[in-house]
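[1] here is a sequence with its predicted model. Questions after.
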Amino acid sequence: MRLWIDTDAGDNPDDTIALWCAARADDVDLIGVSTVDGDVERRAVGVRHLLPGVDVVAGPPPADRVENADVLLGIGPWTNVAALADQGALPRRVVLMGGALAPIKHRGELRRVEHNVGADPEAAARLLRNTGSLIVVPLDATARLRAHAHDERVLSSAIPGFRAQLDTWRQHNGDEPLVLHDVAALFVAVGDQVSRMESRRLEVEPDGTMWASVVGPLQHVVAHVNDDETRARMRELASEGG
């Protein structure tokens with residue numbers, strides 16, 4: 001499976017775990033990574049350091065490169081993915097982490113707007129309005145997927161620089177658990193049986209609120225993620241390379 005990942009890696013360690021696992025999965029050929037949101041060059045430098053030998057693009061990826069992938073996984077704001085859709089350059093399978101279909105308590109607050117969609121709601125709205133059969137992994141399906149202490153020990157011993165990144169993240173987030181949103185999205189993208197999906201039509205409001213609609217193309221929305229299976233698969237890939 002040829003996989004392209006669009007990511008805002010560099011802040012939350014969750015992206016780092018997903019990228020590392022993708023590169024080590026035996027049945028996945030990670031053909032490229034692009035970065036999105038803010039300082040895309042800084043994010044690209046970090047990904048290149050983590051995954052030497054993988055082609056990394058700072059900012060929007062070339063359309064002709066991505067449309068040759070089997071799967072596009074978006075684990076950052078949907079800006080680049082929406083731009084690819086505008087060019088007719090999406091592969092047949094597109095998996096996106098983002099949005100929330102119900103209020104969910106996350107990082108100590110009741111949230112209705114998820115970061116990836118909230119960072120560029122116009123792009124998210126346009127994408128959902130014009131493109132069908134997207135696979136959406138929303139916050140309310142992943143917010144309870146928390147890394148345990150054992151998981152963090154395995155990841156820290158396997159991934160270069162992970163412990164330092166996790167410590168820096170904790171300085172800003174206190175004792176908040178590391179939630180594995182992007183890891184779940186990766187496993188959905190590569191076909192691991194860790195989730196259950198439903199068909200929904202989705203819309204996004206200008207403030208980033210996502211809701212189930214009666215108009216627009218049908219999307220596939222992840223309604224449930226198996227926590228134990230996801231974490232076990234993550235540990236397996238991180239430590240053994242699949």
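    That came in fine, so what should we check first? Numbers count the residues shown, from 1 in each chain.
[2] tell me what the biggest helix by length in the chain is packed against?
    The longest helix of the chain (DSSP state H) is helix 227-240. Packed against helix 227-240 by the contact rule (3 or more C-beta pairs under 8 Å, 6 or more residues apart in numbering; DSSP states H and E) you find helix 13-24, helix 149-158, helix 181-189. C-beta coordinates here come from the backbone N, C-alpha and C atoms, glycine included.
[3] pLDDT averaged over the longest one, what's the number?
    Mean pLDDT, computed over helix 13-24, is 97.
[4] show residues contacting it.
    3, 5, 7-9, 28, 30, 33, 47, 50-51, 54, 73, 75-76, 155, 158-159, 162, 165-166, 169, 178-183, 185-186, 190, 234, 237-238, 241-242 (C-beta atoms under 8 Å, 6 or more residues apart in numbering).
[5] report the angle between the longest helix of the chain and helix 13-24.
    Compare the direction of helix 227-240 with that of helix 13-24 by axes from the mean of the first three to the mean of the last three C-alpha atoms, to 10 degrees and you get 60 degrees.
[6] helix 227-240 - what's its average pLDDT?
    92.
[7] can I have the buried ones of the contacts of helix 13-24 as a ChimeraX selection?
    Those of these that count as buried under 16 or more other C-beta atoms under 10 Å are selected in ChimeraX with:
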select :3,5,7,8,9,28,30,33,47,50,51,54,73,75,76,155,158,159,162,165,166,169,178,179,180,181,182,183,185,186,190,234,237,238
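[8] which residues of the protein score low on pLDDT?
    Along the chain, the model assigns pLDDT under 70 to residues 240-242.
[9] 80 instead, please
    Along the chain, the model assigns pLDDT under 80 to residues 106-108, 240-242.
[10] so for it, the centremost residue is which one?
    Centrality entry for the chain: nearest residue to the mean C-alpha point is residue 75, 2.4 Å, by C-alpha atoms, centre = their mean.
[11] shouldn't that one be in contact with residue 10?
    No: counting by C-beta atoms under 8 Å, residue 75 does not reach residue 10; the two are 12.0 Å apart.
[12] find the residues that touch each one of these two.
    With C-beta under 8 Å, 6+ apart as the test, residue 75 and residue 10 reach no residue in common.
[13] can you give me the helices for this protein?
    Using DSSP H, the helices assigned to the chain run over residues 13-24, 40-50, 63-66, 79-86, 115-119, 121-130, 139-142, 149-158, 162-173, 181-189, 227-240.
[14] which positions in the fourth one come out as buried?
    By 16+ other C-beta under 10 Å, the buried positions in helix 79-86 come out as 79-85.
[15] repeat for the third one
    With burial defined by 16+ other C-beta under 10 Å, the residues of helix 63-66 counted as buried are residue 66.
[16] pull the distance from stretch 130-137 to the chain's centre.
    Its chain's C-alpha centre and that of stretch 130-137 lie 14 Å apart, by C-alpha atoms, centre = their mean, to the nearest Å.
[17] tell me the buried residues in it?
    Taking 16+ other C-beta under 10 Å as the criterion, stretch 130-137 shows 131, 134-137 as buried.
[18] residues making contact with it?
    Here stretch 130-137 makes contact (C-beta under 8 Å, 6+ apart) with 85, 90, 93-99, 127-128, 181, 184-185, 188-189, 195, 197, 202, 217-222, 225.
[19] how much space between residue 152 and residue 5?
    22 Å (C-beta to C-beta, to the nearest Å).
[20] ok, now residue 203?
    Distance of residue 203 to residue 5, given as C-beta to C-beta: 26 Å.
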